[in-house]
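Chemist: coords please:
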Amino acid sequence: MLKINRKIHFSNRFFAGLLAVVTLFILAYPFPWIYFVAQIALLSLIGFTLTDTAWLVMSKQSITIRRKTPARLSLGDENPISISLQNTFPFSVSLDVIEELPFEFQKRDFNISHKLAPEEEKIIDYLLRPLTRGEYRFGQTNVFVSTPLGFVIRTIHGNNPQSIPVFPSFISMRKFELMGVSNRLEEIGIKRTRRIGQHSEFDQVREYVRGDDPRTVNWKATARKSALMVNQYQDQRSQQVVSVIDMGRVMEMPFEGMSLLDYAINASLIISNMAMIKHDRAGLITFSDHVHSLIPAERKGGHLQRIMQGLYNQQTDFNESSYEKLYITITQKLRQRSLLILYTNFEGLPSLNRQLPFLKRIAAHHLLLVVFFENTEIRQLADQDSHHLEEVYIHAIARKFIHDKKVMANKLKHAGIMPLLTPPEGLSVNLINKYLEIKAREMI
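Modeler: This is a model prediction of the structure:
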């Protein structure tokens, strides 16, 4: 809310007027007849300045300032923020609004100018996209007010400083959830997968939407409703889907301002919610050289918030990850065959070869999906034309990196492990597609 500071300072218009008065007095030395004009100009400048000051300071009215923010911000998404300004002065005012944004945004040019008529209210909307998790501290909203005379400016500070936490991407999670509920996942790149298994159960009869299998048409219901109706089937329920996140140094590689770890954390929240919508149980394991956290797979009320809170608190320790300790933990804690989604990154074949024996042991008891990342910047570099010998060498190295990633995917596949090589920005869509494919094939 409003906190008034009646600090007054002179505007550029005042200094321009003062410069004009001084110039007139200087010219009055060789031209005495100008002296009278200079005196009039000086008295006018003093009168206007005092009048302007009285209007801004002596008046009981002011500018009401309110900032509206979400209770928490969503990582990697555009979050809406609004500032409400209301003019309670009996005259029009000009405003310059400077918002003290959290330093994490490195945005120092937030300056918006507006004019408000008496009793007029204006709402300023803007978007912020946080790139790291944690507490973000907003400062005050500074409003510089001037009257139509414009000789002085009054500074008004509104909104007390506040801290807002940045959680994993719950905005994207809700988007996928709403698309799934309204049967519109195809619009965001989620493919319809043909159901191959034989253990799906009847769920309900609903109206036909584009893309439904014609073989599921319920002709009796269609005749009764005079609209095309289809039978909807549900996949086998109560499977365990556990997100396993590598918190080691390999996940700190940046991409478009966010680390691979944060992309993995966002995708883990989205896939956990999707699994629970599909009546599966979602769990979480994070590890590096030791196991950081373990949330057992559940589907009860409040469990998604528990997963979100667990993901919010994860930070890398830049250590080398121990897949041996991960294997021991999974063996001891996960008795039921589960879908394990392992988020990691292999930059070369030697790093994969070191961990492959442990991955094979895990895959012997669980369905293991290894998610690792394609470096799109290297791909763009490899696709460029070569004009010099140095560029030929650089592009050849880039193509070698791309080839190695494909070799790693094939090596995992031959070891009985499902690979998912994906660019970071397409992780969530590609992962949901893979999960729905696994559900349709009843591989868990």
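
Chemist: sec struct for the residue lying closest to residue 365 once chain neighbours are set aside, please.
Modeler: What sits nearest to residue 365 in space, not counting adjacent residues and going by Cβ to Cβ, 6 or more residues apart in numbering, is residue 337, at 6.7 Å. C-beta coordinates here come from the backbone N, C-alpha and C atoms, glycine included. Put simply, residue 337 is coil when judged by DSSP: H, G, I helix; E, B strand; the rest coil.

Chemist: what ranges do the strands span in the stretch 301-444 of the chain?
Modeler: 339-343, 367-373, 418-422 (DSSP state E, counting those that start in this stretch).

Chemist: Who are the packing partners of the first one?
Modeler: What that stands for is strand 339-343. strand 240-246, helix 260-277, strand 367-373, helix 427-441 (3 or more Cβ pairs under 8 Å, 6 or more residues apart in numbering; DSSP states H and E).

Chemist: could I get the third one in CSV with only the CA atoms?
Modeler: Once side chains and other backbone atoms are set aside, the C-alpha atoms of strand 367-373 remain, and they are given as CSV (Å, rounded to 0.1, in the frame of the first residue of the first chain):
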residue,chain,number,x,y,z
LEU,A,367,11.5,-49.9,-16.8
LEU,A,368,14.2,-47.3,-17.2
LEU,A,369,13.9,-44.2,-19.5
VAL,A,370,17.1,-42.2,-19.7
VAL,A,371,16.5,-38.6,-20.7
PHE,A,372,19.6,-36.7,-21.9
PHE,A,373,20.0,-33.5,-23.9
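
Chemist: returning to what we had before: right, and the residue nearest to residue 365 touches residue 368 too?
Modeler: No - if you go by Cβ atoms under 8 Å, residue 337 and residue 368 don't touch, sitting 10.8 Å apart.

Chemist: neighbour-wise, which of these two wins?
Modeler: Between residue 337 and residue 368, counted using other Cβ atoms under 10 Å, the more crowded position is residue 368 (24 against 12).

Chemist: Now do the more buried one, the pLDDT please.
Modeler: We note a pLDDT of 96 for residue 368 in this prediction.

Chemist: Report the distance from the longest helix along the chain to the chain centre.
Modeler: Assignment by DSSP state H gives helix 389-414 as the longest helix of the chain. Chain-centre distance of helix 389-414: 31 Å, with Cα atoms, centre = their mean, to the nearest Å.

Chemist: Next, the angle strand 367-373 makes with it.
Modeler: Put simply, helix 389-414 runs at 170 degrees to strand 367-373, going by axes from the mean of the first three to the mean of the last three Cα atoms, to 10 degrees.

Chemist: Check the secondary structure at residue 64 for me.
Modeler: At residue 64 the chain is in strand, as set by three-state DSSP.

Chemist: beta partners of the closest residue in space to it that isn't next to it in sequence?
Modeler: Closest residue in space to residue 64, ignoring its immediate chain neighbours: residue 86 at 4.2 Å, by Cβ to Cβ, 6+ apart. Per DSSP bridges, the residues bridged to residue 86 are residue 64, residue 121.

Chemist: And the pLDDT at residue 86?
Modeler: At residue 86, the model reports a pLDDT of 91.

Chemist: and the gap between it and residue 440?
Modeler: When distance is defined by Cβ to Cβ, to the nearest Å, residue 86 is 55 Å away from residue 440.

Chemist: repeat for residue 287
Modeler: Taking Cβ to Cβ, one finds residue 287 at 30 Å from residue 440.

Chemist: What of residue 123?
Modeler: Applying Cβ to Cβ, the value for residue 123 to residue 440 is 47 Å.

Chemist: higher neighbour count, those two?
Modeler: residue 440 (16 against 11).

Chemist: measure that one to residue 369 for me?
Modeler: Plainly put, residue 440 is 15 Å away from residue 369 if you go by Cβ to Cβ.

Chemist: Ok, residue 222 next?
Modeler: For residue 222, the distance to residue 369 (Cβ to Cβ) stands at 39 Å.
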